[in-house]
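Chemist: Give me coordinates for this.
(2 chains)
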Amino acid sequence: MPSGALLFQSVLLGILLGGLYALLASGLTLYFGIMRVVMIAHSAFLILAAYLGWWLHERAGLDPLLAMLGTVPLFFGAGVLLQRVLLTRLRPATLTMMSVLLTFAIALLIEGLLGYAFTGTQRRVQLGYGSASLEVFGARVAVVKLIAFGLAVVALGTLYVLMKRTRFGWALRATIQHRDAARLLGIDTDRVAGYGFGIGLATAAIGGTALSLDTTIYPSLHWHWIGPLMAIIVVGGLGSVPGAAIAAMVLGMAQSLLQIPMGTTWAQTVFYVALFATLAIRPQGFFGGRLAQRF
Amino acid sequence: MPSGSKVLKLAAVALLAVAVLAFPSIAPNPYILSAGVLVVYYAVLATSWNFVGGFTGYISLGHGALAGLGAYSTGILVAKAGLPPFLALAAAGAFVGLLAVPIGLAALRVRGASFVIVSISLVLILLLVFQSWSSVTGGSRGLVVPRPFQLTRPEHHRIFYFLFAGLLALAVLAWWLIDRSRFGLGLKSIREDEDKAEALGTATYAYKLIVFVVSAVFTALAGGLYALWFGDLDPVFQFSILTGSYLVLMALLGGVRQLFGPVVGALIVGIALEFFKVEYGDTPLHLVATGLLLALVVLFMPDGVLPAIADLIKRFGRSDRTSIREVSAAELREQRLQNAGGTK
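Modeler: Coordinates of the predicted model:
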């Protein structure tokens, strides 16, 4: 039986990890809600953002948190372009399947170009506060992990306010719920959908910055992220942002706790076990609504 | 009397068969021959993939994992249990077929998006398991599979070339039979509109599951044959998401609705892959090339090269469209939109 302090530490780390998962999964959920697109390239953009943070730190000595000021608008623009220029070109009848392939191709492109530009060497940002840690009731938590969690919480909070309190958020949610009806009400659904994709990709920029703070990065790392993230959105119910956030917290915590008896590699399988169990028992996910039942 | 186009088709198939069978005799050196084996292996895999992808329209990115499972099952049965190689191959095919049932049950209950997610997860989870479970699989050190024949290297390649070609013929034949059957019609109705198919009484869930298992068995047999041919398995290559994407690229490039589409795609992509390996070695550029080609095919040629060529011929030849022909849901939608635009 592991000691209480170790358990507490694991729970704490699980919450911190779950926060990051929740932020990234919310982006995936947005894409799915808007266009029924499973965006495989989401985690590739995440790694791209982490690399940009590392590169700016290496070249200009910029703190990755400052680099975010550049990467977030950049990724927002890329997301709008991705939706408006590429995804809308696909045939509506086969959109779900073909968009998977298209985003998969983009993920390969990003991975290949990152490998070409920066080689496959593992990289890590060396920060002054990188090794600092706080002591919380006997558990040691790295400051960078706290910063990453803080970023995730702020970003998710902003997203919540944006979706619930602004006119744009209403328009976006209307577009997700019923596109034709939204258009009848005078919403420019094409533009709103584009912006929605931009916001989704912006979460990848924030997540990537958080990731670069305390993780060693390499070009093929994104495959380790996309699996858990996709498991999270299925368990949470495709298209449901709160569902994804809850699933992210639960699964992140489970992963962190299972690392004690099983080791890091086997603990990762918890995502896939949860994915298969969800599809076998409750294929629409545990918090999904009307949308999830048909995909 | 058979029509002109039918004769032409039969002649093309015969020509293809002759070309495939003659290749080992005209291959100038063992390297070219081994590349040929690899291309035929890819052709089998792509055709097996097309059972699911072509008929039902469900895109699987995880067929590489099924091939890897077949390879490892064969390898473990030969190397650890001491079974005769081809008995082990058959057992591996049956085992993966059985395993495909629960996977399919979970993956196919809902629609395409979940299926894609499961197919990718399958690759990722199997990579984890096979790397970590080193007492059985050899872990990242790999698994050495003893060769079934005591032959020189060129002879070994030649025999396996014909074995793969035989498996390819079997897979193509099975695809052709399903294509002409009632079962195939049901599968295609799922591809075009699953709701309507279900409303008309097609047992969509059972249909999808059966064709997924068939596809898995063929994929596993190809993977097992690869294990016996190559003799050395590494989880990183066997459970690579890239293998799955190559198969999708081959089938789409050739044309998923065509019997020989995946074979043609495997020829093009397989040769391109070998060429890239020789020219650029192990740079990440092959990822860029694969990604670029896949994106271009998806955006501009989702029906593949064979239909594109057929269209070209049709444009120059006389129009001999019969009243009964297959129309995809996408084409119908386009027609409808055009008609609506015309009457406005």
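Chemist: Quick check: which ranges of chain B have low pLDDT?
Modeler: The model of chain B has pLDDT under 70 over residues B:1-3, B:317-326, B:341-344.
Chemist: which residue is nearest the centroid of it?
Modeler: Centroid check for chain B by CA atoms, centre = their mean gives residue B:46 as the closest residue, at 1.7 Å.
Chemist: tell me which element that residue falls in.
Modeler: Using DSSP states H and E, residue B:46 falls within helix B:30-53.
Chemist: relative orientation of the following helix or strand past that helix and helix B:30-53 in degrees?
Modeler: Counting by DSSP H and E, the next helix or strand C-terminal to helix B:30-53 is helix B:63-79. If you take axes from the mean of the first three to the mean of the last three CA atoms, to 10 degrees, helix B:63-79 sits at 120 degrees to helix B:30-53.
Chemist: Helix B:63-79: how far from the chain's middle?
Modeler: With CA atoms, centre = their mean, to the nearest Å as the basis, helix B:63-79 stands 16 Å off its chain's centre.
Chemist: With stretch B:5-15 instead?
Modeler: On CA atoms, centre = their mean, the centre of stretch B:5-15 falls 23 Å from that of its chain.
Chemist: For residue B:148, give its distance to chain A.
Modeler: If you measure residue B:148 against chain A using CB to the nearest CB, to the nearest Å, the figure is 33 Å. In short, each C-beta sits where N, CA and C put it, glycine included.
Chemist: Let's verify that residue: helix, strand, or coil?
Modeler: In three-state terms, and counting by DSSP: H, G, I helix; E, B strand; the rest coil, residue B:148 is coil.
Chemist: The residue nearest to it when sequence neighbours are not counted - how many residues pack around it?
Modeler: Among residues not flanking residue B:148 along the chain, residue B:85 sits closest, at 3.8 Å (CB to CB, 6 or more residues apart in numbering or on different chains). The local packing of residue B:85 (other CB atoms under 10 Å in any protein chain shown) involves 19 other residues.
Chemist: Let me see the backbone angles for residue B:85.
Modeler: Dihedral pair for residue B:85: phi -50, psi -50, per degrees, to the nearest 10.
Chemist: dump the residue contacts of it.
Modeler: B:74, B:78, B:146, B:148, B:228 (CB atoms under 8 Å, 6 or more residues apart in numbering or on different chains).
Chemist: phi, psi of the fourth one?
Modeler: This points to residue B:148. Per degrees, to the nearest 10, the backbone of residue B:148 is at phi -80, psi -30.
Chemist: what's the nearest residue to residue A:90 once chain neighbours are set aside in contact with, if anything?
Modeler: Among residues not flanking residue A:90 along the chain, residue A:98 sits closest, at 4.8 Å (CB to CB, 6+ apart). Neighbour list for residue A:98: A:90, A:91, B:298, B:302 [criterion: CB under 8 Å, 6+ apart].
Chemist: With residue A:43 instead?
Modeler: Counting by CB under 8 Å, 6+ apart, residue A:43 makes contact with A:24, A:107, A:204, A:222, A:223, A:225, A:226, A:229.
Chemist: same deal with residue B:248?
Modeler: By CB under 8 Å, 6+ apart, the neighbours of residue B:248 are A:101, B:49, B:53, B:59, B:60, B:61, B:294.
Chemist: mind redoing it with 6 Å?
Modeler: Shown in contact with residue B:248 (CB atoms under 6 Å, 6 or more residues apart in numbering or on different chains): no residues.
Chemist: ditto for residue A:175
Modeler: A:182, A:189, A:192, A:193.
Chemist: Phi first, then psi, for residue A:142.
Modeler: Backbone torsions of residue A:142, given as degrees, to the nearest 10, read phi -70, psi 140.
Chemist: helix or strand for residue B:298, which one?
Modeler: Under the criterion of DSSP H and E, residue B:298 resides in helix B:285-300.
Chemist: so residue A:134, which of the three states?
Modeler: Put simply, residue A:134 is strand when judged by three-state DSSP.
Chemist: Which of the three states applies to the residue nearest to it when sequence neighbours are not counted?
Modeler: Nearest residue to residue A:134 in three dimensions, chain neighbours excluded: residue A:141, at 5.4 Å (CB to CB, 6+ apart). Secondary structure, three-state DSSP: residue A:141 is strand.
Chemist: any idea how far residue A:141 is from chain B?
Modeler: Residue A:141 is 27 Å from chain B, by CB to the nearest CB.
Chemist: wait, isn't that residue in contact with residue A:147?
Modeler: No. Contact criterion CB atoms under 6 Å: residue A:141 and residue A:147 do not qualify, at 10.8 Å.
Chemist: Pull the contacting residues for residue B:17.
Modeler: Residues near residue B:17 by CB under 6 Å, 6+ apart: none.
Chemist: So which bits of the one helix or strand it maps to are buried?
Modeler: Assigned by DSSP H and E, residue B:17 falls within helix B:4-26. Neighbour counts over helix B:4-26 (16 or more other CB atoms under 10 Å in any protein chain shown) mark B:20, B:23, B:24 as buried.
Chemist: quick one, that helix and helix B:30-53 angle?
Modeler: Interaxial angle, helix B:4-26 versus helix B:30-53 (the same axes, to 10 degrees): 140 degrees.
Chemist: Convert helix B:4-26 to CSV, retaining C-alpha atoms only.
Modeler: Coordinates of the C-alpha atoms in helix B:4-26 are reproduced here as CSV (Å, rounded to 0.1, in the frame of the first residue of the first chain):
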residue,chain,number,x,y,z
GLY,B,4,-16.6,-5.0,-76.2
SER,B,5,-15.9,-3.5,-72.8
LYS,B,6,-16.2,-6.8,-71.1
VAL,B,7,-13.6,-8.3,-73.4
LEU,B,8,-11.4,-5.3,-72.8
LYS,B,9,-11.7,-5.8,-69.0
LEU,B,10,-10.9,-9.5,-69.2
ALA,B,11,-7.9,-8.8,-71.4
ALA,B,12,-6.7,-6.2,-68.9
VAL,B,13,-7.0,-8.7,-66.0
ALA,B,14,-5.2,-11.4,-68.0
LEU,B,15,-2.5,-8.9,-68.8
LEU,B,16,-2.1,-7.9,-65.2
ALA,B,17,-1.9,-11.5,-64.1
VAL,B,18,0.7,-12.3,-66.7
ALA,B,19,2.7,-9.2,-65.7
VAL,B,20,2.5,-10.2,-62.0
LEU,B,21,3.6,-13.8,-62.6
ALA,B,22,6.4,-12.9,-65.0
PHE,B,23,7.9,-10.3,-62.7
PRO,B,24,10.3,-12.7,-60.8
SER,B,25,11.8,-14.0,-64.1
ILE,B,26,12.5,-10.5,-65.4
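Chemist: helices and strands around the helix or strand bottoming out on mean pLDDT in chain A, which ones?
Modeler: Least confident helix or strand of chain A, by mean pLDDT, DSSP states H and E, is strand A:133-136 with a mean of 74. Judged by 3 or more CB pairs under 6 Å, 6 or more residues apart in numbering or on different chains; DSSP states H and E, strand A:133-136 is in contact with strand A:139-142.
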